[in-house]
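Colleague: generate a structure from the sequence data that follows.
(chains A and B)
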There are 2 protein chains.
Amino acid sequence: VLNPVAIVEAKRDGGELDPADLRAFLEGYLEGTVEEPQVSAFLMAVYFRGMSAGELDALVDVMLHSGAVLDLAHLPAARVDKHSTGGVGDKVSLPLAPLVAEAGLFVPMMSGRGLGHTGGTLDKLEAIPGFRTDLTLPRFVEVLEAEGTAMIGQTTEIAPLDRRLYALRSLTATVPSIPLIAASILSKKLAEGLNALVLDVKMGSGAFLPDPEEARSLARTMVGLGEARGVGVVARMTAMDRPLGATVGNALEVAESVACLRGEGPADLREVVLALAGEMLALGRVAPDPEAGAQKARALLDSGAPLERFRRMVEAQGGDPRVVDDPGRLPAAPVVHEVRAARSGQVTRVEPRALGVGVVELGGGRVRSSDRVDPSVGLDALVAPGASVSQGDLLARIHARSEPDAQRMARVVEGAISMDGESAAGQPAGGEPATLLPLLGERVTRQGG
Amino acid sequence: VLNPVAIVEAKRDGGELDPADLRAFLEGYLEGTVEEPQVSAFLMAVYFRGMSAGELDALVDVMLHSGAVLDLAHLPAARVDKHSTGGVGDKVSLPLAPLVAEAGLFVPMMSGRGLGHTGGTLDKLEAIPGFRTDLTLPRFVEVLEAEGTAMIGQTTEIAPLDRRLYALRSLTATVPSIPLIAASILSKKLAEGLNALVLDVKMGSGAFLPDPEEARSLARTMVGLGEARGVGVVARMTAMDRPLGATVGNALEVAESVACLRGEGPADLREVVLALAGEMLALGRVAPDPEAGAQKARALLDSGAPLERFRRMVEAQGGDPRVVDDPGRLPAAPVVHEVRAARSGQVTRVEPRALGVGVVELGGGRVRSSDRVDPSVGLDALVAPGASVSQGDLLARIHARSEPDAQRMARVVEGAISMDGESAAGQPAGGEPATLLPLLGERVTRQGG
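Modeller: Modelled structure (predicted):
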């Protein structure tokens, strides 16, 4: 007979649990014999003590099998997905999935919604009029079979234990625990029936884990956990000390994603998309290595075929495919306000977190998970660090629901953008020009490099 | 507006909470706006991070005022109580309370039940036929006014928040946290309307906190907390590396307490009773210092007056006062089994924890708080460490409900008693004769000495 108190006590004291005991504890929670306060205390003890590889594997296994697991073995090619730890302006999934599908792989993508200062893929997709992210699992598989990719939310059938634990973690200040984060991501992704997974681990002030050492630790934990479960996992660290691309906000990010699929759009977005595509093509064995994969992806992107695939996926999921040719069909905000440079100089920093919070305040994100999102609001034409601007040049365009909203956001934008010598708002910024993180940072693989 | 997650987070990160915020968090729990999982995670965070003096004071204050607080200011002398952290054979309260009342002070004692290997005062008192420990608060005050002491259980009116938090701690493996223990004890004792409190902090293997450093830390925490709330607190460390006295088990301990009140009984029990009485008399200002107080207590004890006071209190609380003259009226077990020395030698150790657990298994204690206790079972005539015994001498007498119970307990007793050279069971014990803790250890007072 399991004694739940003894399990909490052992974790509290830093002991390593027998995976069978941890499994019984978690199954007891699902069945109601282990009480919610016990799981809450356990989560806090994990926050302090961490988890061993064996414990983590048991946690992922119980979470995964608490719900439906897709069997996609009948598909004629490998299933490969990408997960990002989340950032500001991170719309990578939208161009990436059809691009990788175009290379012959299957990308069964279950995504999340935005919460806090970061956006979510589902919110961006739902900016497309008619787009349904709530397909049934059978319909999801149909679209996947036909178009090579499909994009939905985590249904209630997938990993219900993860859903319950996540709700409890939100309540108990135990969200930022590396093993709990890793297990949560992995259990949901493994339910997609994947062969391999690429992780985009964001570093820097706009990231979920701003500390690069913590971000690296998450990458290593997930790579180890994936390998233990027979799924190839490669993590790529990417920069989130500035927004990715020139847009933040759901409809505006869809438009930028379509531009990327046309071979246009900002260089940083294109570079991250191609690098992650290269990893996925290599993991899916349609390229010998990530570099060759990225080269193949570049050629495919420039062919225009991934854009057509994106159009077909949008249509298959109920969305208006004409947005691909005419972004004017996306929801537009009534007020557009331009923020211009008060003087000439070089842009040294663009603070992503402040801008992400600003867009949430415009109505484009969530404070509570029940909040409704306005797809039309946000920023575009956002300047990037390193740019030289002349007095009067555009620094960003604000899309808002009202003039007062736009005015408030203009203050946020001015505060978030620093120029050499002084900030855009006129206060001396002090010190040297900020050093930026490399856009593409280290790779974390099983071999450690 | 209070954000409970932010409170848990701040404690998790080792920050010091504003007492007003902690107060709001706890009051939110009482009112239902702070959820049980959040309090559970908070308790585990406290386990790891501890609590500041200001936080502790707020915790005690909210617990105390969550229920009734006795106002005993009308009594013509100081109210002084004693609390023990619990041990095996610890029947000190029974002779101590009437002794201190005899010196002119009031001892309004609310006690607990035994749980785990240690006994509880309420269970001992209830071994007296008819004795009621569930008096209403008005009746409790009446007995106190008339006899100078009254002894009841913690009613549901007293510190209900402590009761809820204690239940949650039992569930979540957060019982052994010094600040939480200290706050729990203090909040209940302060509800008695005390002027001063003496703590008997047990040290050694049979104690609730076996580690002397932890026991000392609890003593210091409680002394500081008491002073902050205007109640004089002195802690005395006493030995619990062997049982106190020669009996373990409820009715047998009542008989030993009556013997102590007659000026008889084991020397160690008498010594602890007199030392703690000395502290209480000094705190209550009826003796200039603890030594003079102990001397005064010795004279009172030898006068026989405290025994008469005990008899009156028993009668006032519904108990049969004739047990004082005839312990044969206490419940007696059907089977009495003697354990005798297999050879001659000196007793080096008598393990209290094993004996405490053994008496619980005889039916004399609780594993679960809902268990019923058999008052008749236990041990008496228990040998003490340091005694020289000849082959065939009595080591202990077992009182059991059945022969098999007695046989099992005989193995426990043999295993718990070590003699020089080898254990009573015949296995070599190895090593030097064990060093015993001093019966009366250090005093912890506000001045630190």
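Colleague: OK, contacts around the residue nearest to A:V323 when sequence neighbours are not counted?
Modeller: Sequence neighbours aside, A:R329 is the residue nearest to A:V323 in space, at 4.8 Å (criterion: CB to CB, 6 or more residues apart in numbering or on different chains). No exception for glycine: its C-beta is placed from N, CA and C like everyone else's. If a contact means CB atoms under 8 Å, 6 or more residues apart in numbering or on different chains, then A:R329 has A:P129, A:D320, A:R322, A:V323 as its contacts.
Colleague: any of those buried? List them.
Modeller: A:P129, A:V323 (16 or more other CB atoms under 10 Å in any protein chain shown).
Colleague: of all the contacts of A:R329, which comes closest to B:L26?
Modeller: Of all those, A:P129 has the smallest distance to B:L26: 49.6 Å, by CB to CB.
Colleague: where's that closest one relative to chain B, distance?
Modeller: 36 Å (CB to the nearest CB, to the nearest Å).
Colleague: helix or strand for that residue, just tell me which one.
Modeller: Under the criterion DSSP states H and E, no helix or strand holds A:P129.
Colleague: OK, contacts around it?
Modeller: A:G319, A:D320, A:V323, A:R329, A:L330, A:P331.
Colleague: would TSV of the residues you listed with secondary structure be doable?
Modeller: Listed next are those as TSV, based on DSSP: H, G, I helix; E, B strand; the rest coil:
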residue	secondary structure
A:G319	coil
A:D320	coil
A:V323	helix
A:R329	helix
A:L330	coil
A:P331	coil
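Colleague: what's the most distant pair in those?
Modeller: Every pair of the contacts of A:P129 checked by CB to CB; the farthest is A:G319 and A:P331, at 12.6 Å.
Colleague: if you count what's nearby, which of the two comes out ahead?
Modeller: Neighbour count, other CB atoms under 10 Å in any protein chain shown: between A:G319 and A:P331, A:G319 has more, with 22 against 16.
Colleague: what segments of chain A are strands?
Modeller: A:80-84, A:107-111, A:149-153, A:196-203, A:232-239, A:335-340, A:345-350, A:378-380, A:388-389, A:394-400, A:417-419, A:422-423, A:440-444 (DSSP state E).
Colleague: using TSV, lay out those strands together with mean neighbour count.
Modeller: Shown next, in TSV, are those (neighbours: other CB atoms under 10 Å in any protein chain shown):
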stretch	mean neighbour count
strand A:80-84	27
strand A:107-111	25
strand A:149-153	24
strand A:196-203	26
strand A:232-239	24
strand A:335-340	16
strand A:345-350	20
strand A:378-380	27
strand A:388-389	16
strand A:394-400	24
strand A:417-419	25
strand A:422-423	16
strand A:440-444	19
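Colleague: of all these, which one comes closest to chain B?
Modeller: Across those, chain B has its closest neighbour in strand A:196-203 (21.4 Å, CB to the nearest CB).
Colleague: mind saving the C-alpha coords of that closest one as CSV?
Modeller: What follows is strand A:196-203 as a C-alpha-only set of coordinates in CSV (Å, rounded to 0.1, in the frame of the first residue of the first chain):
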residue,chain,number,x,y,z
ALA,A,196,11.9,13.4,-33.4
LEU,A,197,11.6,16.8,-31.9
VAL,A,198,13.5,20.0,-32.2
LEU,A,199,13.5,22.4,-29.3
ASP,A,200,13.9,26.1,-29.8
VAL,A,201,15.2,27.2,-26.4
LYS,A,202,15.0,31.0,-26.1
MET,A,203,17.7,32.9,-24.1
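Colleague: pull up the pairing partners for it, direction included.
Modeller: Using DSSP bridges, strand A:196-203 pairs in its sheet with strand A:80-84 (parallel), strand A:232-239 (parallel).
Colleague: residues touching the residue lying closest to A:Q38 once chain neighbours are set aside, list them.
Modeller: Nearest residue to A:Q38 in three dimensions, chain neighbours excluded: A:P4, at 4.8 Å (CB to CB, 6+ apart). Counting by CB under 8 Å, 6+ apart, A:P4 makes contact with A:F25, A:G28, A:T33, A:V34, A:E35, A:Q38, B:L171.
Colleague: surely A:K124 and A:A255 touch.
Modeller: No - at 10.3 Å, A:K124 does not count as touching A:A255 under the criterion of CB atoms under 8 Å.
Colleague: so for those two, which residue has more residues nearby?
Modeller: Set A:K124 next to A:A255 and count neighbours by other CB under 10 Å: A:K124 wins out with 29 against 20.
Colleague: can you pull the contacts of the more buried one?
Modeller: Applying CB under 8 Å, 6+ apart, we find A:K124 in contact with A:K91, A:L94, A:N250, A:E253, A:V254, A:S257.
Colleague: now A:L70
Modeller: The neighbours of A:L70, taking CB under 8 Å, 6+ apart as the test, are A:P108, A:L137, A:V141, A:A191, A:E192, A:G193.
Colleague: one more time with 10 Å, if that's ok
Modeller: A:L70 makes contact with A:79, A:108, A:110, A:137, A:140-141, A:144, A:157-158, A:190-194, according to CB atoms under 10 Å, 6 or more residues apart in numbering or on different chains.
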